[in-house]
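> Quick one, fold the following:
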Amino acid sequence: MDNTEIQAGCFGNFFARKSTRRGANSATHVEPPSQTADSSQPQSPYEKSSELKSGEPKQEISYFNPFCDFSYGAQDDWWTLEREPLPSYSAKADTSTKADDISALVEQVLDKYSPSLRDLSLKIHDHPELMFKERYAHDLLTDFMGKQGFKVTKHYLGLDTAWRAEYSQGTGGRVIGINSEMDALQGMGHGCGHNLIAVSGVGVAIALKAALEASPRVSGKIVLLGTPAEESGGGKIILLERGGYDEMDVCLMCHPAPGLPHSLNIGSSNAMQSIQVEYFGRSAHAGGAPWEGTNALDAAFIAYSGISMMRQQMKPDHRVHGVAVLKPEHRRLQKSTYLPNAYKLSTSRGRSDGVQHRNKARERYFDLHQNSVLAQDFADIVGSRYGLVTMQGGSSASTDFGNVSYALPALHPAFAIPTVPNGGNHTPAFAKAARTEAAHEATMVITKGLALTGYRILTDAEFFSRVQASFEQGKVARS
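You can find the predicted model right below:
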């Protein structure tokens, strides 16, 4: 697919879904929408290496975005940039006990590193890269993690832009996994805020390392994965299949979204799969011998029309979107199917007499299974210490982290950052929102909560047993 091909949009706001409060690959560089190029500055080696050389054939990259609208709550209630001044977050709990001493340490470490994390976030935001091309982010983040005392593996498990940073203490302890996403969107830069996800993962890992060092009798390992190609390509799915998550006992990450001020959402997501159907016809003279031809265009349009007519009978949490690509004697229909869970994913096909067709199913993004014990602990922490409100509502978004949540206990809260009306995920407005100081501050609060939940995994055997039991119960319910 070349750079001009249409991408799937985000239609999550077409259907409102009930939310309830919970008790306490293009090869070219993409310019961010809000930045202007400075011709006086030298061009980075990453920009140069990503450009196609003169006369070099274009690489066909399938870049069909999955649904990624993590918004929650009514749009009128979203946290907007004009709504209120930058909040001041402070811990509300007493810090007299040993556990609260660690909590205070985690907060102090993240407050100390916040300017550095902000700098990383802005650099990634201002240098957006598409799926499997996140070379600048890869080098920036691996260099930073190496300087923090982590053992770094670049180009992890055969993926050029995946990476792993680990720190261990003692032997026989539990392993906490963390994810940092890095990829951007074609034409709008970081319209999904992955610059914030990247630095949150880094922050959680650094804070947990400091907590372990302050508790020398605690054994444990921290594994931070830099995961490419969430928007399309399923980087986490590839890493999962290659054993990148095998060692982890739990995996944590977060995602920015529009939502109520100072809030988060721990609901599920939709499963998603893209299916590419190619139709091959035969040319004939339209006036002299039309019967000698076969019409690939008719076959593709019949399929497209049939899928469109199915929509009126679809349930509110089902989605199907399609893109048609036309070439001589060759028509391609690519559609994405979004369903409540992975077991309902299926394919559809259409044909016209004499037309050959070929189906290609792309990676399946499973629905997100939030571990209920992890979610409740995290909600309690950010509610009691920082005053955040936790919502529990489903999202029409899809993420490859859903596949991770099928393999091991996982938590993936969506958290609100201030944006503008109609400025949800996958919009230029959200790309601008992901660069604001308020978005960074909101990210740091979530990062503190994830680090504290992660530390409990490492130190509280009874808590971890409940996490495991919840995960096993979820597997039985899904079977």
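
> from memory Leu130 sits against Gln186, does it?
Yes: contact criterion CB atoms under 8 Å: Leu130 and Gln186 qualify, at 6.0 Å. Heads up, the C-betas are built off the backbone N, CA and C, glycines and all.

> Can you pull out the low-pLDDT segments for the stretch 251-400 of the chain?
Low-confidence segments of the stretch 251-400 of the chain, defined by pLDDT under 70: 326-354.

> Give the buried residues for stretch 462-471.
The neighbour-count check on stretch 462-471 (16 or more other CB atoms under 10 Å) flags 464, 466-468, 470-471 as buried.

> cool, stretch 140-156 as well?
Buried residues in stretch 140-156, counting neighbours by 16+ other CB under 10 Å, are found at 140-142, 144-145, 148, 150, 152, 154, 156.

> Just put those in a markdown table and tack on secondary structure.
Compiled in a markdown table, the buried residues of stretch 140-156 are given as follows (DSSP: H, G, I helix; E, B strand; the rest coil):
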| residue | secondary structure |
| --- | --- |
| Leu140 | helix |
| Leu141 | helix |
| Thr142 | helix |
| Phe144 | helix |
| Met145 | helix |
| Gln148 | coil |
| Phe150 | coil |
| Val152 | strand |
| Lys154 | strand |
| Tyr156 | helix |
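
> can you list those residues in TSV and add distance to Ala214 and pLDDT?
Shown next, in TSV, are these (distance: CB to CB, whole Å; pLDDT from 0 to 100):
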residue	distance to Ala214	pLDDT
Leu140	28	98
Leu141	24	98
Thr142	25	98
Phe144	22	98
Met145	20	98
Gln148	15	98
Phe150	17	98
Val152	23	98
Lys154	29	98
Tyr156	29	98
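
> wait, which of those is closest to Gly267?
Each of these was scored against Gly267 by CB to CB, and Leu141 proved nearest at 28.6 Å.

> residues contacting the closest one?
Residues in contact with Leu141, defined by CB atoms under 8 Å, 6 or more residues apart in numbering, are 120, 163, 180, 182, 198, 202, 226.

> Would you map the strands across the stretch 201-350 of the chain?
220-227, 250-252, 255-257, 263-265, 271-280, 319-327, 330-339 (DSSP state E, counting those that start in this stretch).

> before we move on, back to that, weed out the non-buried ones from the contacts of Leu141.
Buried, going by 16+ other CB under 10 Å: 120, 163, 180, 182, 198, 202, 226, out of the contacts of Leu141.

> How about the second one, nearest residue that isn't a chain neighbour?
Just to be clear, that refers to Trp163. Leaving aside its chain neighbours, Trp163 sits nearest to Gly226 (4.0 Å; criterion: CB to CB, 6 or more residues apart in numbering).

> Give the bridge partners for the one you found, please.
Following DSSP bridges, Gly226 is listed with bridge partners Trp163, Ser180.

> correct me, but it touches Leu159?
No: judged on CB under 8 Å, Gly226 makes no contact with Leu159 at a distance of 9.4 Å.

> What residues sit buried inside the biggest helix by length in the chain?
Ranked by residue count under DSSP state H, the longest helix found in the chain is helix 98-125. For helix 98-125, the neighbour count (16+ other CB under 10 Å) marks 102-103, 105-107, 109-110, 113-114, 116-118, 120-121, 123-125 as buried.

> So for that helix, mean pLDDT?
Mean pLDDT, helix 98-125: 95.

> Show me what that helix packs onto, helices and strands only.
Where contact means 3 or more CB pairs under 8 Å, 6 or more residues apart in numbering; DSSP states H and E, helix 98-125 is packed against helix 135-147, helix 194-213, helix 437-459.

> how much distance is there from stretch 145-159 to the middle of the chain?
With CA atoms, centre = their mean, to the nearest Å as the basis, stretch 145-159 stands 20 Å off its chain's centre.

> ugh, wrong one, I meant stretch 278-287
Here stretch 278-287 is found 41 Å from its chain centre; the criterion is CA atoms, centre = their mean.

> Buried residues of that stretch, list them for me.
Residues 278-279, 281 are the ones in stretch 278-287 that count as buried (16+ other CB under 10 Å).

> what do you get for stretch 223-241?
Residues of stretch 223-241 classed as buried under the neighbour-count rule (16+ other CB under 10 Å) are 223-240.

> Cross the residues you listed against helices and list the overlap.
Per DSSP H, those map to helices at 235-240.

> Specify which member of these is nearest to Trp79.
Among those, Lys236 lies closest to Trp79 (CB to CB), at 27.9 Å.

> Grab the nearest non-local neighbour of the closest one.
Once flanking residues are discounted, Lys236 sits nearest to Asp400: 4.2 Å by CB to CB, 6+ apart.

> Please identify the most buried of the strands of the stretch 201-350 of the chain.
Of the strands of the stretch 201-350 of the chain, the one with the most neighbours on average (mean count of other CB atoms under 10 Å) is strand 255-257, at a mean of 28.

> Poorly predicted segments of the stretch 1-150 of the chain, please.
Along the stretch 1-150 of the chain, the parts satisfying pLDDT under 70 run over 1-73, 81-98.

> gap between the residue lying farthest from the centre of the chain and Thr443?
In the chain, counting by CA atoms, centre = their mean, Gly288 sits farthest out from the average C-alpha position, at 54.0 Å. Taking CB to CB, to the nearest Å as the measure, Gly288 falls 66 Å from Thr443.

> Equivalent analysis for Asp249, please.
Asp249 sits 25 Å away from Thr443, going by CB to CB.

> Settle it for me: which of these two has more neighbours?
The residue with more neighbours, out of Asp249 and Thr443, is Thr443; 27 against 19, by other CB atoms under 10 Å.

> sorry, back to before: save the buried ones among the contacts of Leu141 as CSV, and put in distance to Arg135 too.
Putting the buried ones among the contacts of Leu141 into CSV (distance: CB to CB, whole Å) gives the following:
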residue, distance to Arg135
Leu120, 15
Trp163, 11
Ser180, 15
Met182, 10
Ala198, 14
Val202, 17
Gly226, 11
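
> Gln169: which of these is nearest?
Distance to Gln169, by CB to CB, is smallest for Val202 among the buried ones among the contacts of Leu141, at 18.7 Å.

> check contacts around the closest one.
Neighbouring residues of Val202 by CB under 8 Å, 6+ apart: 117, 120, 141, 144-145, 180, 224.

> So it versus Arg118, what's the distance?
In terms of CB to CB, Val202 sits 11 Å off from Arg118.

> isn't Asn403 right up against Ile237?
Yes: assessed by CB under 8 Å, Asn403 is found in contact with Ile237 at 5.1 Å.
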